[in-house]
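>>> missing the sequence, but the structure's below:
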DNA sequence: ACTTTTGTCAACCATTTGGTTAAACTATTT
DNA sequence: AAATAGTTTAACCAAATGGTTGACAAAAGT
């Protein structure tokens, strides 16, 4: 039977690793740095996770799983297209606001080493847009929506949700915004984004 | 007077560095790899640029300068708001389509080490949205546009332009798209994005 | 022609980094 | 309490990595 300390250490490692990996990325993160952040010996990292790659995998998969199911649930609910867009954007942005490093992390690392990424992603279930696609196509056919493909619409939705989080330093420069004003912009977007989208596609 | 080989080597280095840095990022890029790509000895990298940081700076600043002026020119032209949006999106996406690694690179590296980034960015002139902002506010006041702040509108524009490039692997997964179908989606967006935006804000 | 400057390279160096080991320590089982 | 299994640490190691050096060649200046 495991004693309590086991789990504590493992969790401390995972949280430290999450923090470091998400802020610096796989390549720039140092095992020693993660150990320091967790307040433990570096050997522990290798004791609980065998290598940097495996530790990274655990963090990456965990990060993805914290996000993907939410998207999927909303996309496959029985709501109308408009309701889905509203809920999706609001939930998505709200979630990202409290995990601001997640998007950069996921996007950045999905561009890495082909084989490694491929291996990682095999363990992950991605959100399905099947039902959403059907609904959009139906509404367009019925003349309730201006013509648009579900794919382009979906890209637009997540682009508008995610982009401010991956581009925060850039936007702060161009818009001359302080951090607090930036926070406010994000807050507004929780409802503004869906309104913007719906405005664009409603007839 | 410098002999021809000098410049050749320097350019070869810069191009190799651009290619490697933009694909892998500063942290994951290896000096040896850059030397190999340039077909020269590793010592040459230090001969022309003193350190990895300085070589990176050169590439980063170059990348930024290849993009920023375009945005700025359009934003500060005498076109109408709608025309600006059309030109902006079309030019921006067209440019990015032939420099697909640029956005990830810039966004990723702007999240890096505070002091280093600060130092880099001091040398860069960012696009100004001043004139665009005035125009948008005027049009909203005159009742020609649905109410929206210039900041939110600008975020939306560049989000829709840039996002597909930084999220390509993610989108390919979720949308089940091949590379060629992805290319086609991008192509469509050169006109679709501005149409989408204008649809949303026109009265 | 010869001296100086500039460009190029192979070998080398110091440090960093991911990873290992063996021993100490702690808790659990018998 | 002795044996066993699990946990933690300090010291170590090999490979990788950014960077340096010194010899040498190719131009350029004189």
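Here it is on my side, so go on. Bear in mind that the values here come from a model prediction, so they are computed numbers and not experimental data.
>>> residues contacting the residue nearest the centre of chain A?
The centre of chain A sits closest to residue A:103, judged by Cα atoms, centre = their mean, with a distance of 4.4 Å. Residues in contact with residue A:103 (Cβ atoms under 8 Å, 6 or more residues apart in numbering or on different chains) are A:96, A:162, A:165-166. The way it works is simple: take the backbone N, C-alpha and C, and place the C-beta from them, glycine included.
>>> export those residues to CSV and tack on neighbour count, pLDDT and distance to residue B:39?
Below are the contacts of residue A:103 laid out as CSV (neighbours: other Cβ atoms under 10 Å in any protein chain shown; pLDDT from 0 to 100; distance: Cβ to Cβ, whole Å):
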residue, neighbour count, pLDDT, distance to residue B:39
A:96, 19, 97, 43
A:162, 23, 98, 39
A:165, 19, 98, 40
A:166, 30, 98, 34
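>>> now, those residues that are in helices?
A:96, A:162, A:165-166 (DSSP state H).
>>> hmm, back to that, what strand or helix carries the residue nearest to the centre of chain A?
helix A:102-109 (DSSP states H and E).
>>> tell me if that helix is near DNA strand C.
No - contact of helix A:102-109 with DNA strand C (Cβ under 7 Å from any atom of the strand) is absent, the minimum separation being 14.9 Å.
>>> quick one: mean pLDDT for that helix?
Per-residue pLDDT over helix A:102-109 has a mean of 96.
>>> any idea how far the nearest residue to residue A:125 once chain neighbours are set aside lies from residue A:128?
Of all residues not flanking residue A:125 in the chain, residue A:68 sits nearest, at 6.6 Å (Cβ to Cβ, 6 or more residues apart in numbering or on different chains). Residue A:68 is 10 Å from residue A:128, where distance means Cβ to Cβ, to the nearest Å.
>>> and residue A:99, by the same measure?
Distance from residue A:99 to residue A:128, by Cβ to Cβ: 22 Å.
>>> so what's residue A:188 up against?
residue B:152 are the contacts of residue A:188 under Cβ under 8 Å, 6+ apart.
>>> secondary structure element for it, which one?
Going by DSSP H and E, residue A:188 is part of helix A:179-201.
>>> what inclination does that helix have with respect to helix B:179-201?
90 degrees (axes from the mean of the first three to the mean of the last three Cα atoms, to 10 degrees).
>>> chain center to helix A:179-201, what's the gap?
Mean-position distance between helix A:179-201 and its chain equals 18 Å (Cα atoms, centre = their mean, to the nearest Å).
>>> what does stretch A:23-36 give?
The answer for stretch A:23-36 is 20 Å, by Cα atoms, centre = their mean.
>>> how about residue A:24, phi and psi?
With angles defined as degrees, to the nearest 10, residue A:24 sits at phi -110, psi -20.
>>> any weak-confidence spans in chain A?
Scanning chain A for pLDDT under 70 picks out the ranges A:1-7.
>>> how about the helices in it?
So, for chain A - with DSSP H - the helices run A:4-28, A:31-38, A:42-48, A:52-75, A:81-97, A:102-109, A:114-121, A:130-141, A:150-166, A:168-175, A:179-201.
>>> re the thing from before, now the angle from the helix holding residue A:188 to helix B:150-166?
Using the same axes, to 10 degrees: helix A:179-201 against helix B:150-166 is 80 degrees.
>>> pull out the buried positions in helix A:179-201.
Residues A:182, A:185-186, A:189-190, A:192-198, A:200-201 are the ones in helix A:179-201 that count as buried (16 or more other Cβ atoms under 10 Å in any protein chain shown).
>>> for DNA strand C, state which of those is nearest.
residue A:182 (30.9 Å; Cβ to the nearest atom of the strand).
>>> quick one: that closest one and chain B, what's the gap?
Counting by Cβ to the nearest Cβ, to the nearest Å, the separation of residue A:182 from chain B is 10 Å.
>>> please apply the same query to residue A:195.
Distance from residue A:195 to chain B, by Cβ to the nearest Cβ: 9 Å.
>>> what residues does that residue make contact with?
Applying Cβ under 8 Å, 6+ apart, no residues qualify as near residue A:195.
>>> could you redo the last one with a cut-off of 10 Å?
A:85-86, A:89, A:189, B:146, B:148, B:200 (Cβ atoms under 10 Å, 6 or more residues apart in numbering or on different chains).
>>> cool, thanks, talk later.
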